[in-house]
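Asks: give the three-dimensional model of this entry:
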Amino acid sequence: MNCPKPALALIVTLLLVPSLCLTQGVPGTNLVVHVRVTSIAISRDVTRITYVLKNDAGSRERLSTFIVNVPGPYSEVKWISRPSPQRNWMTHEKFGERRVVGWSVLGNQMTPGEESPELMFDAVGLPTIVTSWIEGYTPPSTEIPSDTLPLRDVAMVPDSTVGVEYDAVFQSPELLLIRLRRLATQACSKTLAWMTSAAVCIGLDTKLAAASERLRQADSPGARVQLRSFLTQLAAAHGPGGSVNDSAYWLLKANAGFILKQRF
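Replies: Down below sits the predicted model:
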């Protein structure tokens, strides 16, 4: 297959379509990383998200860093895991001026085909869709003394994943349902393509619309029935060969479960 000329847009596309050729581009961007959300748990107002990363076998660089944006000026990160052996990992809470959670592999960067241990963090808020970044490892130049090395020209590849936002915790059930419906619509969009069946997307949206209508009519039991039906359909479309990927499944399941725990 003839690959086109290197371009950052192509590298970003490769995150979603790993079967394409991977051309040599800006240092730090010559890799495809599959970010899998393996669980989300909410305890009161704190959400824990667990990821597993896989550096695609076709990548040309080892994976060095994974960063997840934490939106909002009042966001509070409670804890970031450091996998064992801890000396091989560094965690991050800042990326420039941004508040983030992140992990860097020290010394034993993830080679193509390698999978990470579980990476977890706790933050106040509810699951949402956020920007993330990955960076491939590029060794420093050995042609000049290390104490005079300039800053490396290394880029990071942007993507989207599941993160945590703060303000949502304090919204009413009515607003939480509107928010959940918006997240489901985003997960169904062509941009994310976390849910790829139009029929499933329509069915899930119909159930959330019905739940909202039941709440407007002060029919709390009816709203709960619709939310549970939403969760049943979501689970049925998830798994091997399903149209709902792990990111969409855990994002929507956790938020719907949080609403069901509210008093209304």
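
Asks: could you chop this structure up by domain?
Replies: 8-169, 171-260 (automatic domain parsing).

Asks: grab the most central residue of this protein for me.
Replies: Thr161 (1.8 Å; C-alpha atoms, centre = their mean).

Asks: and it, what does it touch?
Replies: 35, 37, 51, 68, 129-130, 132, 247 (C-beta atoms under 8 Å, 6 or more residues apart in numbering). Every residue, glycine included, has its C-beta placed from N, CA and C.

Asks: one more time with 7 Å, if that's ok
Replies: Taking C-beta atoms under 7 Å, 6 or more residues apart in numbering, we find Thr161 in contact with 35, 68, 130, 132, 247.

Asks: by mean pLDDT, show me the worst of the domains of the chain.
Replies: Ranked by mean pLDDT, those end with domain 8-169 at the bottom, a mean of 85.

Asks: give me the distance from it to the chain's centre.
Replies: 10 Å (C-alpha atoms, centre = their mean, to the nearest Å).

Asks: same deal with stretch 200-216?
Replies: For stretch 200-216, the distance to the chain centre is 24 Å (C-alpha atoms, centre = their mean).

Asks: can you list the neighbours in contact with it?
Replies: 173-174, 177-178, 180-181, 184-185, 188, 195, 222-223, 226-227, 229-230, 233-234, 237, 243-244, 264.

Asks: quick one, helices of the stretch 1-150 of the chain?
Replies: 8-14 (DSSP state H, counting those that start in this stretch).

Asks: could I get the full set of strands for it?
Replies: Taking DSSP state E, counting those that start in this stretch as the test, the strands found in the stretch 1-150 of the chain are 33-43, 46-55, 63-69, 77-80, 89-95, 98-105, 119-124, 126-136.

Asks: export those to TSV and tack on distance to Arg214 and mean neighbour count?
Replies: As requested, those are exported to TSV (distance: least, C-beta to C-beta, whole Å; neighbours: other C-beta atoms under 10 Å):
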stretch	distance to Arg214	mean neighbour count
strand 33-43	23	17
strand 46-55	26	20
strand 63-69	34	23
strand 77-80	34	15
strand 89-95	41	15
strand 98-105	36	21
strand 119-124	29	21
strand 126-136	21	22
